[in-house]
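Student: what shape does this take:
(one chain, ligands or ions: 2)
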Amino acid sequence: MPSMATGDRRNFNSNNNINHPQFKPHGDHKSDFLSRRQKIEQQRRSLPIASVEKRLVEEVRKNDTLIIVGETGSGKTTQLPQYLYNGGFCHNGGIIGITQPRRVAAVTVAKRVAEECDAELGQKIGYSIRFEDMTSPSTKIKYMTDGLLLREALLDPKLSRYSVIVVDEAHERTVQTDVLLGLLKDVQKNRSQNSNEVRKLNPLKLIIMSASLDARGFSEYFGGAKAVHVMGRQFPVDILYTAQPETDCLDAALVTIFQIHLEEGPGDILVFLSGQEEIESIEGLVRENLKKLPEANQKLLIFPLFSSLPSEKQLKVFTPAPVGFRKVILATNIAETSVTIPGVKYVIDPGLVKVRSYSPDSGIESLIVVKTSKAQALQRSGRAGREGPGKCFRLYPESRFEGLDDSTVPEIKRCNLSNVILQLSALGVDDIIGFDFMEKPDRMAVIRSLELLYLLGALTDEKKLSDPIGQQMARLPLEPNDSKALILASQFDCLEEMLIVVSMLSVESIFYVPRDKLEESRTVIKSFSSPEGDHITLVNVYRASIEFLEKNKTENGNEKAEKNLRKWCKDNFINNRSLKHARDIYNQIRENVERMGLKMSSCGDDMLQLRRCLAASYFLNAALKQPDGTYRVLANGQIAEIHPTSVVRRSKPECVVFYNLVQTTRNYVRNVTRIDYLWLAELAPQCYALKDD
Ligand code: CDP
Ligand code: MG
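Tutor: Residues are numbered from 1 along each chain as shown. Ligands and ions are numbered 1, 2, ... in the order given. You can find the predicted model right below:
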C-alpha cells in the first residue's frame, strides 16, 4: 500500500471553466466571545434565506402548493419550518411535517433546530424515523423520512394532524419521494373537497423544496404551482482533475487526503465515499498513515458520516475542529445536499455513488456503484465554496466529466417496485399503472413486481391485498421478502431466529476486517461460522453477543458490559456499530410482530427449520451449482459466484438461497445458505412445481 512515507502523490490539472458566482466573504470572526446562543442567532440571521422570511411566509399563505428552490446550505431545511411556525401555521392545532429521503438528515436537522429553538428534542421539535420515534403530543415541527410519512398515511389517510407538509430534497427523486408526491396531491384534493366530515380540516399546505435550480418539472406536476428561488451564497471553487484515470479509488482518495493535509492551508476536507464499508476501511487507513507522520502533522480528526451511524456520533461532525486541527469528513452521498457541514474548504470526489438497480428481466434488485451525474458532481464541488473560496479534487480526468449524464435517473425507474405496490395497495390504490406518478415507472418493472407479490401470496388474483398475508406484510416496515420470511417463520417455529437474520441483514456488514488482518480474522470468525451458511453464522454471532452482554451485565453492570462488548467485538472482528444497530432493529421488529399477533417461537439448535423457512421465503433467490463451480439463479438463469466473504465460498453446496446479489465487475451472491433442491418444489410450488430445471 503506497503511503505518505513513500511520498506517493497525485498530479491534478486545474480547470476553472466552472464559474461559480463570486461573492464577498462574510466573516464572523469577532464572534468568538459570544455565547453559543448568540452565535446561533447570528448564524441564523446570516443565512441567505433569512432575508426572505416574510416573503416566504406570505407566499405559503397565498398558495396551497409552493415550490422552493435554493442552493444547498441556504437554510431551507432548518429555517423554513421555524418561519412557518412563527407565522402561525400551527395555530389551528395542526403540525408541520418535513420529510427527508435520509434518516441521518432527519435526525441531525431536528437536533440542530431544537437547539436553535432552545427546546428539548422530542418536545416542540422532534423527529421520527423507522425504528426510532422522538416526538410527543407537544411536537409542532416534525422531521421524518418520506417512507415514514407514507406509513402514517396508512393509519390516517388524510394526514389530518398536519397543517403543512414540506417535502424536502425533492430533487433527489427517491422512490419514496415520488410515491409521496402522488399521494399528497390526492390528500390535498380530498381535504379541500370533503366538507361533510365531523371536523372540517383546513386545506393542506404543501411545500416542495429542491436544491436543483430547475423547478419546472415539479411546477407542472402540481398544476402550474408557483416556484420561488432563494439566492444562495457561493464562493469560487477551483476544480482539479487527476491527470490519469484511477484504478483504485480508495487509494487515490487516501493519497489526496494527505496531500491536502500536508500541502494546503487551513480548512476541512470532505470526502464522498460510496458506503459504510468503504468509509470504515479508509478511516482505518488514514489512522494508520497518520501515525507515521511527525507529531506536528498529526492534527487531523476523522469523522465518518453514514446512515447507520448512531445518532450521537452523527452530530459530532458539526462541531468545529479545535484551533490548529483539521477535520476530514468521510461521508456517503448524504453530504451532497442533505446536510451542510460548516468549515469545509476541500472536497474529494471520486465521482462514484451507490444506487439501487433493478432489471425487470432478471427480477433482481442490486446495489451497484455507478458514476455520478454532472449535477451531482457540481453539487459536491459546491460544498467546498460555502464559506470562502475552495478546491474540489475530482479523482478522474477532465475528459470523463464531459461524458457524464446531465442528471440522475429517478429511482422509480431503477428499483424493484414491489414495496411501493404493497404500500399503495394498502392505501387503496390498486391500479399502479394508472397512478399519477411524476414519472411513470416502466410497465415491465410494474408487472414483474406484481408477479413477485403474487408469488409471495401478498396479492389475490384481483390484485388486491390478500388477507391476512398481504395485510400483515404491508404493516411491517420491511421489504416484502423479509416480511414474508417473518410471517412464515412463525409457522416454521423459528421466528426468533428469523428476526435475528432479518435484523442482522438490515445493517451493512456485521464483520469488520481491516485489509491487513484478513488471515487472522478468518480463524477468529470461524468460531461463529456454520457449515450450513451465512444466515446461521449471523444467528451464532448475535446469540454469542447477547450471551456475552447478559453475563457481563450481571457481573459488571450495564455500562461496563457495553464497554466490554465493544472490546469483544473488536477482538472478534465484528463491527460494534452495526451489531448495536441490529439489536435495536431486532427489538423494534419484535415489537411489531408481537403486536400483529405472530407466535414467538425458537427452533433452538435445530437449524434445519430455519433453512427450510429461508427456502420457503427467499425461493426466488435460489441458485444451483454449475459444473464449473459458478451458480445459476433458478428464477432467471443469471450466473453468479459466491462472495469471498461467505462461509460457504469453499464448500460450494449444490443448492443455495442468497440474500443479495452484488454486481461489481462480476456477479456475486452474498449471505448464502445451503438448502435442499427438493425443498423448492415442496415449499414454493407456485414457482417451482412445474419447472423442469
Ligand atoms: O436546507 P439547506 O441546504 O438550504 O440548508 P440547511 O440544512 O438549513 O443549513 C443551514 C445552515 O445550518 C448551514 O450553514 C449548516 O452548516 C447549519 N447546520 C449546522 O450547523 N448544524 C446542523 N446540524 C445542521 C445545519
Ligand atoms: Mg436542506
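
Student: for residue 465, which non-adjacent residue is spatially closest?
Tutor: Of all residues not flanking residue 465 in the chain, residue 425 sits nearest, at 4.9 Å (CB to CB, 6 or more residues apart in numbering). No exception for glycine: its C-beta is placed from N, CA and C like everyone else's.

Student: and that neighbour, which of the three is it?
Tutor: helix (DSSP: H, G, I helix; E, B strand; the rest coil).

Student: show me what contacts the closest residue to ligand 2 within the stretch 51-200 of the chain?
Tutor: Nearest to ligand 2 in the stretch 51-200 of the chain, going by CB to the ion, is residue 77, at a distance of 3.2 Å. Residues counted as contacts of residue 77 (CB atoms under 8 Å, 6 or more residues apart in numbering) are 98, 100, 105, 109, 168, 209.

Student: domain parsing for this structure?
Tutor: According to automatic domain parsing, the chain comprises the domains 29-230, 235-408, 412-475, 487-609, 618-688.

Student: if I look at the residue of the stretch 51-200 of the chain closest to ligand 2, how far off is ligand 1?
Tutor: Distance of residue 77 to ligand 1, computed by CB to the nearest ligand atom, to the nearest Å: 3 Å.

Student: from here on, count from 380
Tutor: In the new count, where the first residue is 380, that last one comes out as residue 456.

Student: tell me the helix or strand right after the host helix or strand of that residue.
Tutor: If you go by DSSP states H and E, residue 456 is part of helix 455-465. Once the chain leaves helix 455-465, the next helix or strand it forms, by DSSP H and E, is strand 474-479.

Student: and the contacts of that next one?
Tutor: 456, 460, 463-464, 468-469, 485, 488, 518-525, 527-528, 538, 540-548, 556, 559, 717.

Student: now do the residue lying closest to residue 462 once chain neighbours are set aside, the pLDDT please.
Tutor: The shortest distance from residue 462 to any non-neighbouring residue, by CB to CB, 6+ apart, is to residue 432 (5.0 Å). Listed pLDDT for residue 432 reads 96.

Student: give me the neighbour count for residue 432.
Tutor: Using other CB atoms under 10 Å, residue 432 has 18 neighbouring residues.

Student: name the SS class of residue 707, please.
Tutor: Note that with three-state DSSP, the state of residue 707 is strand.

Student: ok so, going back, for the residue nearest to residue 462, give me phi and psi.
Tutor: phi -50, psi -50 (degrees, to the nearest 10).

Student: ok, back up a step: narrow the contacts of strand 474-479 to those in strands?
Tutor: In this view, the contacts of strand 474-479 that belong to strands under DSSP state E are 520, 521, 522, 523, 524, 541, 542, 543, 544, 545, 546.

Student: list the contacts for the second one?
Tutor: Yep, that's residue 521 we're talking about. 474, 475, 476, 477, 504, 505, 506, 507, 514.

Student: which of these are close to ligand 1?
Tutor: Residues of those in contact with ligand 1 (CB under 6 Å from any ligand atom): none.

Student: can I get these in TSV with neighbour count?
Tutor: Shown next, in TSV, are the contacts of residue 521 (neighbours: other CB atoms under 10 Å):
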residue	neighbour count
474	21
475	24
476	23
477	29
504	28
505	24
506	30
507	22
514	20
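
Student: closest one of the residues you listed to residue 776?
Tutor: residue 477 (39.8 Å; CB to CB).

Student: quick check: nearest residue in space to that closest one, chain neighbours excluded?
Tutor: residue 545 (4.3 Å).

Student: how many neighbouring residues does that neighbour have?
Tutor: For residue 545, the neighbour count with other CB under 10 Å is 26.

Student: doesn't residue 462 make contact with it?
Tutor: No - in this structure residue 545 lies outside contact range of residue 462 using CB atoms under 8 Å: 11.0 Å.

Student: bridged to the residue nearest to residue 477, which residues?
Tutor: Taking DSSP bridges, one obtains residue 477, residue 586 as the residues bridged to residue 545.

Student: and the pLDDT for it?
Tutor: Confidence score, pLDDT, at residue 545: 98.

Student: can you pull the contacts of it?
Tutor: 459, 460, 475, 476, 477, 478, 586, 587, 588.

Student: which of those lies closest to residue 954?
Tutor: Ranked by distance to residue 954 (CB to CB), the contacts of residue 545 are led by residue 478 at 29.2 Å.

Student: give me the pLDDT for the closest one.
Tutor: 98.

Student: give me the low-pLDDT residue ranges for the chain?
Tutor: The model of the chain has pLDDT under 70 over residues 380-386, 393-413, 573-579, 689-690, 893-894, 1043, 1069-1072.

Student: the nearest residue to residue 866 once chain neighbours are set aside sits in which helix or strand?
Tutor: Distances taken as CB to CB, 6+ apart place residue 851 nearest to residue 866, at 5.6 Å, with adjacent residues excluded. For residue 851, the enclosing helix or strand under DSSP H and E is helix 848-854.

Student: can you list the helices and strands that that helix packs against?
Tutor: helix 797-805, helix 859-870 (3 or more CB pairs under 8 Å, 6 or more residues apart in numbering; DSSP states H and E).

Student: quick one: closest of those helices to ligand 2.
Tutor: helix 797-805 (24.4 Å).

Student: elements contacting the closest one?
Tutor: Secondary-structure packing of helix 797-805 (3+ CB pairs under 8 Å, 6+ apart): helix 525-534, helix 554-572, helix 822-834, helix 848-854, helix 859-870.

Student: any idea which of these is most buried?
Tutor: helix 859-870 (a mean of 23; mean count of other CB atoms under 10 Å).

Student: check the offset of whichever helix or strand comes after that helix from the chain's centre.
Tutor: Next helix or strand after helix 859-870 toward the C-terminus (DSSP H and E): helix 874-884. Between the centre of helix 874-884 and the centre of its chain there are 20 Å (CA atoms, centre = their mean, to the nearest Å).

Student: give me the angle between helix 874-884 and helix 859-870.
Tutor: Relative orientation of helix 874-884 versus helix 859-870 (axes from the mean of the first three to the mean of the last three CA atoms, to 10 degrees): 160 degrees.

Student: ok, residue 549 touching residue 588?
Tutor: Yes - contact criterion CB under 8 Å: residue 549 and residue 588 qualify, at 6.3 Å.

Student: just the contacts of residue 521 now: which is nearest residue 674?
Tutor: residue 506 (41.0 Å).

Student: just to revisit the earlier point, buried subset of the contacts of strand 474-479?
Tutor: Buried by 16 or more other CB atoms under 10 Å: 456, 460, 463-464, 468-469, 485, 488, 518-525, 527-528, 538, 541-548, 556, 559, 717, out of those.

Student: isn't residue 993 right up against residue 1053?
Tutor: No - with contact defined as CB under 8 Å, residue 993 does not count as touching residue 1053 (9.8 Å).

Student: what about those two, which has more around it?
Tutor: residue 993 (33 against 21).

Student: pretty sure the more buried one sits in a helix.
Tutor: Yes - the assignment for residue 993 by three-state DSSP puts it in a helix.

Student: who's in contact with it?
Tutor: 864, 880, 914, 1036, 1052, 1054.

Student: how about the domains of the chain in a markdown table, adding distance to residue 391?
Tutor: Output for the domains of the chain, formatted as a markdown table (distance: least, CB to CB, whole Å):
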| stretch | distance to residue 391 |
| --- | --- |
| domain 408-609 | 24 |
| domain 614-787 | 4 |
| domain 791-854 | 32 |
| domain 866-988 | 26 |
| domain 997-1067 | 27 |
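
Student: give me the phi and psi for residue 660.
Tutor: Per-residue torsions, residue 660: phi -70, psi -40 (degrees, to the nearest 10).

Student: count the neighbours of it for me.
Tutor: Residue 660 has 18 neighbouring residues, counting by other CB under 10 Å.
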